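In: Pasted the sequence and its predicted model underneath.
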Amino acid sequence: MPKHCCDQMQEQIDNKCAEHSSPYECPDCLVNYSPVFNEYRIIVHDGGSSSITIAFCPWCGAHLPESLRDRWFEELESLGFDDPFAQDIPEKYKTNEWYSI
């Protein structure tokens, strides 16, 4: 897992609530990081699992890496996977291994 841009972002990503099993249920969890997509998202506490991709850190203003979500879908499609959430995809595409050097 990468080191995040600032201490506040690192605290948010590392936050594990003792009361809630999901960060989407916890009002203290504000940001979610997906290592698969290398993507940062602001959690929308609307009772579901909504979130919004962000390009800048809300605390330090650092430019965050561009999401690799589209590239993930494109690579899996080129391998013949048309629905990667319903199909058994290669293990490396379930982690950041698929884009890590």
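Out: Perfect, I can see it now. Residues are numbered from 1 along each chain as shown.
In: from here on, contacts and neighbour counts on C-alpha atoms
Out: Fine.
In: got the phi/psi numbers for the residue positioned nearest the centre of the chain?
Out: The centroid of the chain falls nearest to Ser34 when counting by Cα atoms, centre = their mean (1.8 Å). In terms of degrees, to the nearest 10, the main-chain angles of Ser34 are phi -110, psi 110.
In: start the count at 619, not 1, going forward
Out: Okay, residue one is now 619; in that scheme the one you just asked about reads as Ser652.
In: Could you chop the chain up by domain?
Out: The record's domain split for the chain, according to automatic domain parsing, is 625-671, 687-716.
In: could those go into CSV alongside mean pLDDT?
Out: Shown next, in CSV, are these (pLDDT from 0 to 100):
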stretch, mean pLDDT
domain 625-671, 94
domain 687-716, 96
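In: Quick one: closest of the ones you listed to Ala680.
Out: Closest to Ala680 of these is domain 625-671 (Cα to Cα; 10.4 Å).
In: From Gly666, how far off is the residue of the chain most remote from its centre?
Out: Within the chain, the residue lying farthest from the chain centre (Cα atoms, centre = their mean) is Gly698, at 23.9 Å. Gly698 is 31 Å from Gly666, where distance means Cα to Cα, to the nearest Å.
In: One more: Cys624?
Out: In this view, Cys624 and Gly666 are 28 Å apart by Cα to Cα.
In: Of these two, which one has the most company?
Out: Cys624 (13 against 10; other Cα atoms under 10 Å).
In: For the residue nearest to that one when sequence neighbours are not counted, grab the count of nearby residues.
Out: Ranked by Cα to Cα, 6 or more residues apart in numbering and with sequence neighbours excluded, the top spatial neighbour of Cys624 is Cys678, at 6.7 Å. Residues within reach of Cys678, counting by other Cα under 10 Å, total 12.
In: and His663, how many neighbours does it have?
Out: Residues lying near His663 (other Cα under 10 Å) number 16.
In: how far away is the residue nearest to it when sequence neighbours are not counted from Glu715?
Out: Distance criterion Cα to Cα, 6+ apart; nearest residue to His663, sequence neighbours excluded, is Tyr642 at 6.3 Å. Separation of Tyr642 from Glu715 (Cα to Cα): 25 Å.
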